[in-house]
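Engineer: Got a sequence here, can you build the structure:
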Amino acid sequence: LISSATKSLRMEMEILEKKLQDAQMKVAEKDGDKDKEIQSLKRLISELEFQLTMEKSNNESFLDKLRKEIKHKSDELEKLTQEKTQLIHSLSQVQEENSLLQDTVRRECEERFELTAALGRAREQVLELRRLSGTLP
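Structural biologist: Numbers count the residues shown, from 1 in each chain. Below you'll find the model as predicted:
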């Protein structure tokens with residue numbers, strides 16, 4: 001009886017040991033799979049960090065380019081504004097000069113008209129004098 005019970009316990013113990021070994025193997029496999037997954041995730045994290053670094057670098061480069069372009073456009077706008085101010089000033093001077101010339105032309109035309117009228121009167125007087133002098137000896 002003892003021998004049978006001992007034999008039965010040994011068999012049960014062997015079965016449990018085998019189950020324990022199987023369980024340990026499965027745990028070892030799962031640990032290996034977890035280690036592989038951890039390594040894969042670490043690689044993925046490294047790749048994503050690299051991509052993020054590259055994106056940051058590209059964004060900074062793009063922002064620098066935009067800042068330079070904005071500065072250039074701002075300088076260009078300032079230059080064009082100054083040119084516009086100068087052109088407005090020149091236009092104002094030209095308009096003033098034009099107004100002065102128009103006034104001068106108007107006065108000269110008035111003088112010419114007066115001189116033409118005086119010349120006409122003088123001709124009439126000369127003709128009248130000639131007519132009168134023709135009747136006089």
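Engineer: would you put the C-alpha positions of stretch 42-52 in CSV?
Structural biologist: The C-alpha trace of stretch 42-52 is given here as CSV (Å, rounded to 0.1, in the frame of the first residue of the first chain):
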residue,chain,number,x,y,z
LYS,A,42,12.1,50.7,-28.6
ARG,A,43,13.2,50.7,-32.3
LEU,A,44,9.8,52.2,-33.2
ILE,A,45,10.2,54.9,-30.5
SER,A,46,13.7,55.6,-31.7
GLU,A,47,12.4,56.0,-35.3
LEU,A,48,9.6,58.2,-34.2
GLU,A,49,11.9,60.4,-32.1
PHE,A,50,14.2,60.7,-35.1
GLN,A,51,11.3,61.6,-37.3
LEU,A,52,10.2,64.2,-34.7
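Engineer: outside of that stretch, which residues touch it?
Structural biologist: With Cβ atoms under 8 Å, 6 or more residues apart in numbering as the test, stretch 42-52 has no contacts from any other residue. C-beta: built from backbone N, CA, C; applies to glycine.
Engineer: Next, report how far it is displaced from the centre of its chain.
Structural biologist: Offset of stretch 42-52 from its chain centre (Cα atoms, centre = their mean, to the nearest Å): 32 Å.
Engineer: so for that stretch, what's the average pLDDT?
Structural biologist: Across stretch 42-52, pLDDT averages out at 97.
Engineer: go on, stretch 81-91?
Structural biologist: 97.
Engineer: quick one: that stretch to chain centroid distance?
Structural biologist: 26 Å.
Engineer: And stretch 126-137, by the same measure?
Structural biologist: 90 Å.
Engineer: One more: stretch 56-73?
Structural biologist: So, by Cα atoms, centre = their mean, the centroid of stretch 56-73 is 9 Å from its chain's centroid.
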